[in-house]
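K.L.:
build the 3D model from these lines:
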Amino acid sequence: MPALIAHGNIQRAPETLPIEFVVVGGGVAGLTSAIALSRVGHKVTILEQRDDFQETILAGGCRFAPNTTRIFYRWGLEEELRKISIWARYVQFSRYESGEVVAKGEWVHDFKVESDGEFIQMQYGAFRKLLYETALKYGVTVRANSKVTSVNIKPEAPSVTLESGEEIVADVIIGADGCHSLSRQVMFGEQDYMKRKNIVMYNTVVPVEKMAAVPELVPYLERDKVGMVVSWFGDRYGVMGFPSTEIKRVQQGDVYNLHVYTPETTPMPIPVSEVDSAHLVQAMNGCDPHLRKMAELATQIYAVPIVERPHLDDWLHEDGPFLAIGEAAHPLSSGSIYALSLAAADGMMLGRLFYHLRRKDQIPVFLAALSEMRHKRVQEVWDVQSTNPAAMSMPPGVEHSEGLAAAEAMGDGRALTMTQDAIRAVFAYDPEDEADNWLVQWGLMRERTQSEAPLTFAVAIAHQNEQTEG
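P.N.:
Residues are numbered from 1 along each chain as shown. As a prediction, this is how the structure comes out:
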């Protein structure tokens, strides 16, 4: 296996066979995939139906775990990420109704996070803009206002057709256009569904200068680019709160982000609608007075009904090189820390696998391997976050009563144990390492045993599943 060139530079090995990728969708999954693939020498075109890379609407705050930031740092993005993010050094669990602190700690010391990365939080729009600019630096062709209306999947030279009628041909097509997408139509057909979970997530921000004028809210604010994530938990209600730097306000100040989860008493428009602070205050019935004050000060409030959508079992289409990734393959709850991290990891693994491409008959093998490994990983994260309050994507109690009971009995000591379990199960994972391990364990063995006849995509999927089950 050839050694990688210095981090931050294009890592194409002399033996790598460069091919052409078309990525449908310019979100985190699509942009990360494009960067990962272009870094190792492949030609990538992103097709995005909107033109909002400079200013993403309906954005709000986002968080990334250490295993994700570690790889972005490895790629040479540490300095740029630090400019737009805040270090989430502390974590606190509080009761939704009273604000009483049940458990708290410091990720670095109390919770013993050992990683080259860090928990960071920032505005999604700022992060997406950074990925967009990085993709351009690596030579990715980014085409905005390019809506894909159909996909022609075949073993060789698959293509997409734009709304304009233009057809674009590639060696591989990546579907990274989210949960309300053409990719899901292509993969699921009539079997896709959407089920309301009777929960609404309100994605909003509070200007820091307004919070700073209220003495009891000052402890929630960041100091010297260091912040605290607070999880308020209650029966069917919950809030995740954290500071970040807003893309429009880098010079003026920061914002405090709130992801508020409440019961959906009246059906809200899907996928999103804008509401005012009075609506938010009313929805946050019986909350901690500190939370109520934040809600009164909130601006840019977007209501996102939480819906359940099925995950793909196989991300690779059986007819040819069309691979669904990100929320097109595994939609998660709005506001989840895992949605963006998992989407980014899909792209990171894709680039690592195709760093080792030598022949075109390896394409179905690599795509099938990614499908199987990433599907398994998403399920592992889902299982952990369903029961461990320290790893939950939503505050304990919003969706599962078991999570509320665990949080109620947590305390600092139990929080330490749960957080260490979460770190081992969730935050210590490295998708590039898993790709390398697969190549050593299965990829090289396949190279020694494969016949000269090329694999079909359906057979590649079946072979990969057999290897894993065996």
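K.L.:
rounded mean pLDDT for stretch 124-137, please.
P.N.:
Stretch 124-137 carries an average pLDDT of 95.
K.L.:
for stretch 266-286, same thing?
P.N.:
93.
K.L.:
and what of stretch 68-78?
P.N.:
93.
K.L.:
centre of the chain to it, how far?
P.N.:
Chain-centre distance of stretch 68-78: 15 Å, with CA atoms, centre = their mean, to the nearest Å.
K.L.:
list the buried residues in that stretch.
P.N.:
Of the residues in stretch 68-78, 68-75, 77-78 count as buried by neighbour count, 16 or more other CB atoms under 10 Å. Placement of C-beta: from N, CA and C, glycine included.
K.L.:
do the same with stretch 325-335
P.N.:
Quick answer for stretch 325-335 (16+ other CB under 10 Å): 325-335.
K.L.:
repeat for stretch 317-325
P.N.:
Neighbour counts over stretch 317-325 (16+ other CB under 10 Å) mark 317, 320-325 as buried.
K.L.:
from those, which land in helices?
P.N.:
Per DSSP state H, helices hold no members of these.
K.L.:
now do the SS call for residue 377.
P.N.:
helix (DSSP: H, G, I helix; E, B strand; the rest coil).
K.L.:
mind listing what the closest residue to residue 172 other than its chain neighbours touches?
P.N.:
Distances taken as CB to CB, 6 or more residues apart in numbering place residue 321 nearest to residue 172, at 4.3 Å, with adjacent residues excluded. The neighbourhood of residue 321, defined by CB atoms under 8 Å, 6 or more residues apart in numbering, consists of 153, 155, 158, 171-173, 363-364, 367, 457.
K.L.:
show me where the stretch 151-300 of the chain has strands.
P.N.:
Here the stretch 151-300 of the chain has its strands, by DSSP state E, counting those that start in this stretch, at 159-162, 167-169, 172-175, 195-207, 226-233, 238-244, 255-263, 273-275, 299-308.
K.L.:
using JSON lines, lay out these together with distance to residue 25 and mean neighbour count.
P.N.:
Converted to JSON lines, the strands of the stretch 151-300 of the chain look like this (distance: least, CB to CB, whole Å; neighbours: other CB atoms under 10 Å):
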{"stretch": "strand 159-162", "distance to residue 25": "11", "mean neighbour count": "18"}
{"stretch": "strand 167-169", "distance to residue 25": "14", "mean neighbour count": "14"}
{"stretch": "strand 172-175", "distance to residue 25": "7", "mean neighbour count": "28"}
{"stretch": "strand 195-207", "distance to residue 25": "20", "mean neighbour count": "20"}
{"stretch": "strand 226-233", "distance to residue 25": "28", "mean neighbour count": "23"}
{"stretch": "strand 238-244", "distance to residue 25": "24", "mean neighbour count": "26"}
{"stretch": "strand 255-263", "distance to residue 25": "23", "mean neighbour count": "25"}
{"stretch": "strand 273-275", "distance to residue 25": "23", "mean neighbour count": "14"}
{"stretch": "strand 299-308", "distance to residue 25": "19", "mean neighbour count": "18"}
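K.L.:
weakest of those strands by average pLDDT?
P.N.:
Among the strands of the stretch 151-300 of the chain, strand 226-233 scores lowest, at a mean of 87.
K.L.:
please export the alpha-carbon coordinates of that strand; PDB is fine.
P.N.:
Taking Å, rounded to 0.1, in the frame of the first residue of the first chain, the C-alpha atoms of strand 226-233 are listed here in PDB:
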ATOM      1  CA  VAL A 226     -14.200  28.200  24.600                       C
ATOM      2  CA  GLY A 227     -17.800  27.200  25.200                       C
ATOM      3  CA  MET A 228     -20.100  24.800  26.900                       C
ATOM      4  CA  VAL A 229     -22.800  22.600  25.400                       C
ATOM      5  CA  VAL A 230     -25.900  22.400  27.700                       C
ATOM      6  CA  SER A 231     -28.500  19.700  27.400                       C
ATOM      7  CA  TRP A 232     -31.800  20.600  29.100                       C
ATOM      8  CA  PHE A 233     -33.900  17.400  29.300                       C
END
